[in-house]
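Visitor: Model the structure of this input:
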Amino acid sequence: MRSKLFVPASRPELFAKALSSAADAISFDLEDAVEESRKPAARVALQNLFKEDLSANQKLIVVRINAIETPHFLADLDAIVCAATQVINIPMVEDPATIRAAAEALEKFESQRGLTRPIRILVNIESPKGLRRAAELAGAHSRVVGLQIGFGDLFAPLGIASCEPAALQAVRVAVRFAAGEAGVHAYDGAFVDIANPEAFKLDAQAAQRLGFMGKSCIHPSQIALANEVFRPSDAAIAHAVRVLETTSQKLAAGVGAFVVDGRLIDGPFITEAEHTVALAKRLGLLA
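Guide: Residues are numbered from 1 along each chain as shown. Okay, here's the model as predicted:
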């Protein structure tokens, strides 16, 4: 998910445009973007959409549901557990037990509906406690596919400026290591200054340099920028290919460390090259 576009589930007039966009994933939001009284109607809108064949759009379909402590949680799952939904995004998670309870509820709905592909879980890190326990949350259940930062909910109550570089990078480093410990991906949070594309790009680049896989987009104008930043460069792809070609030759000769393009290469850098080549192939940049 280089780019994940948020779409309020209460705005069905936006669904078709979002699905035809260049975003890798569409996150239909039943939580913050939907006013309390409109949540039932938003669930119905998603149910109607998910009755359609969405496979031609080739989008990862994510639904941000309401927190498990709310009265909306089970109603959300009842509405969206179906073949179309691939990932649920759970907000305000602070306890691994929350993830396990959500996974158990998902399993029950999937079993009732005969679904064989398990719906995955994207966990939001958006409170001090959630940040402190991020590694536990990432490893709480096999359904967890990633951690996603919610900067607004994390920073605003603490009086931290949303654009403070030191705070942004400190949180990103913590979340990236937590995700790495569990072997899942890390995804960057939204950038709210829609009218400042250059600042969005710089913000995304700061996350990409820390190994984040993608970024939330709150406006279609941010999609192309995110896709560009989180796409491996042509130079990086070419280097990775050369690393793997050289690796096969050197390992066969019993050499564990060698030089490619003037850089020392050994185990961790071989793994990095493998990841780059795999991503390039998924994006259609390599045959």
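Visitor: use CA for all of it now, contacts and neighbours both
Guide: Noted.
Visitor: Tell me which residue lies nearest the centroid of the chain.
Guide: When CA atoms, centre = their mean is applied to the chain, the residue found nearest the centroid is residue 187 (4.5 Å).
Visitor: So what's the gap between the host helix or strand of it and the chain middle?
Guide: Using DSSP states H and E, residue 187 sits within strand 185-188. Centroid separation for strand 185-188 versus its chain: 5 Å, with CA atoms, centre = their mean, to the nearest Å.
Visitor: same question, stretch 38-46
Guide: Here stretch 38-46 is found 23 Å from its chain centre; the criterion is CA atoms, centre = their mean.
Visitor: Stretch 20-30 too?
Guide: For stretch 20-30, the distance to the chain centre is 11 Å (CA atoms, centre = their mean).
Visitor: And that stretch, what's buried?
Guide: By neighbour count on 16 or more other CA atoms under 10 Å, the buried set for stretch 20-30 is 21, 22, 23, 24, 25, 26, 27, 28, 29, 30.
Visitor: residues in contact with the residue nearest to the centre of the chain?
Guide: The contact partners of residue 187, taken as CA atoms under 8 Å, 6 or more residues apart in numbering, are 146, 147, 148, 149, 212, 213, 214, 215, 216.
Visitor: Would you double-check that the last one falls in a strand?
Guide: Yes. Under DSSP: H, G, I helix; E, B strand; the rest coil, residue 216 falls within a strand.
Visitor: How many residues are close by it?
Guide: When neighbours are counted by other CA atoms under 10 Å, residue 216 registers 27.
Visitor: Please tell me the pLDDT value assigned to it.
Guide: Per-residue confidence (pLDDT) for residue 216: 97.
Visitor: about what we covered before: how about the buried residues of stretch 20-30, which pair is most distant?
Guide: 22 and 30 (22.1 Å; CA to CA).
Visitor: Who is the residue nearest to the centre of the chain paired with across the strands?
Guide: Beta-bridge pairing for residue 187 (DSSP bridges): residue 148, residue 214.
Visitor: Just the mean pLDDT for the strand holding residue 187, thanks.
Guide: Rounded mean pLDDT across strand 185-188 is 98.
Visitor: quick one: contacts for residue 100?
Guide: By CA under 8 Å, 6+ apart, the neighbours of residue 100 are 140, 141.
Visitor: Phi and psi next, for it.
Guide: Note on residue 100: its backbone torsions stand at phi -60, psi -40 [degrees, to the nearest 10].
Visitor: again with residue 184
Guide: phi -120, psi 170.
Visitor: That one contacts residue 143, doesn't it?
Guide: No. Residue 184 is beyond contact range of residue 143, at 10.2 Å (criterion: CA atoms under 8 Å).
Visitor: can you give me the helices for this protein?
Guide: 15-19, 39-50, 73-80, 96-113, 128-132, 134-138, 151-155, 165-182, 197-208, 223-229, 234-252, 267-282 (DSSP state H).
Visitor: What residues of the first one count as buried?
Guide: By neighbour count, with 16+ other CA under 10 Å as the criterion, the buried positions of helix 15-19 are 15, 18, 19.
Visitor: same question, the fifth one
Guide: Of all the residues in helix 128-132, those buried under the rule 16+ other CA under 10 Å are 130, 131.
Visitor: who does that helix touch, helix- and strand-wise?
Guide: helix 165-182 (3 or more CA pairs under 8 Å, 6 or more residues apart in numbering; DSSP states H and E).
Visitor: a markdown table please, covering the contacts of residue 187 and showing distance to residue 40.
Guide: Below are those laid out as a markdown table (distance: CA to CA, whole Å):
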| residue | distance to residue 40 |
| --- | --- |
| 146 | 28 |
| 147 | 27 |
| 148 | 26 |
| 149 | 27 |
| 212 | 34 |
| 213 | 33 |
| 214 | 30 |
| 215 | 28 |
| 216 | 25 |
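Visitor: Most neighbours out of those, which is it?
Guide: That'd be residue 215 among the contacts of residue 187, by other CA under 10 Å, with 30 neighbours.
Visitor: That one against residue 226, yeah?
Guide: Yes. Here residue 215 reaches residue 226: they are 6.5 Å apart, a contact under CA under 8 Å.
Visitor: Common neighbours of those two, please.
Guide: What both residue 215 and residue 226 touch, as defined by CA under 8 Å, 6+ apart, is the set 2, 3, 204.
Visitor: Could you measure from the residue nearest to the centre of the chain over to residue 162?
Guide: When distance is defined by CA to CA, to the nearest Å, residue 187 is 17 Å away from residue 162.
Visitor: Brilliant, that's me finished.
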